[in-house]
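Student: What follows is a predicted structure for the sequence shown.
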Amino acid sequence: MAEEFPKNYVSIRDRYREYSSILGNLGKAVRDSGPIEDKNAHLVQLAASAAIRSEGAVHSHTKRALEAGASPEEVYQALLLITSIIGFPNVAAAISWADDVIQE
């Protein structure tokens, strides 16, 4: 099954190909630049996505973390760990977005 991307993302990617390529290369370069494994990198990015209340990014990094070997429990813990930083309502929203992917 082909991965589906949000319409706005596809529109930006298609209109600004060089920009999109640079962003993709930046992400890969940063992931490859240090000792953090993909699974943990996506859990960090998941927590950051929740902090900025980005539903799309929470969906994306939940999926990517699971594909990199994270368990659903690890995804949920990554979100619960930031409760004292972003507050329960924000964590609850992020958990519901992670559930969209995990319960799919």
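Tutor: That came through, no problem. From a predicted model like this one, the values you see are computed outputs, not experimental measurements.
Student: got the contact list for the residue most central in space within the chain?
Tutor: By CA atoms, centre = their mean, the chain has its centre lying nearest to residue 61, at 2.1 Å. Shown in contact with residue 61 (CB atoms under 8 Å, 6 or more residues apart in numbering): 42, 43, 45, 46, 49. Glycine gets a C-beta too; all of them are placed from N, C-alpha and C.
Student: pLDDT at the residue of the chain positioned farthest from its centre, what is it?
Tutor: In the chain, the greatest distance from the average C-alpha position (CA atoms, centre = their mean) is reached by residue 15, at 23.2 Å. Residue 15 is assigned a predicted lDDT (pLDDT) of 97.
Student: With adjacent residues omitted, what lies nearest to residue 31?
Tutor: Excluding the flanking residues, the one nearest residue 31 by CB to CB, 6 or more residues apart in numbering is residue 41, at 5.5 Å.
Student: Could you give the average pLDDT over the helix or strand harbouring the one you found?
Tutor: Assigned by DSSP states H and E, residue 41 falls within helix 38-51. Averaging pLDDT along helix 38-51 gives 97.
Student: which outside residues touch that helix?
Tutor: With CB under 8 Å, 6+ apart as the test, helix 38-51 has contacts from 31, 36, 57-58, 60-62, 64-65, 68-70, 74-75, 78-79, 81-82, 85-86, 90-91, 93-94, 97-98.
Student: Cross-reference these with the helices and report the matches.
Tutor: Counting by DSSP state H, the contacts of helix 38-51 place 31, 57-58, 60-62, 64-65, 74-75, 78-79, 85-86, 90-91, 93-94, 97-98 in helices.
Student: Now restrict these to buried residues only.
Tutor: 57-58, 60-62, 64-65, 74-75, 78-79, 86, 90-91, 93-94, 97-98 (16 or more other CB atoms under 10 Å).
Student: still on that earlier bit, what separates the residue farthest from the centre of the chain from residue 8, distance-wise?
Tutor: 11 Å (CB to CB, to the nearest Å).
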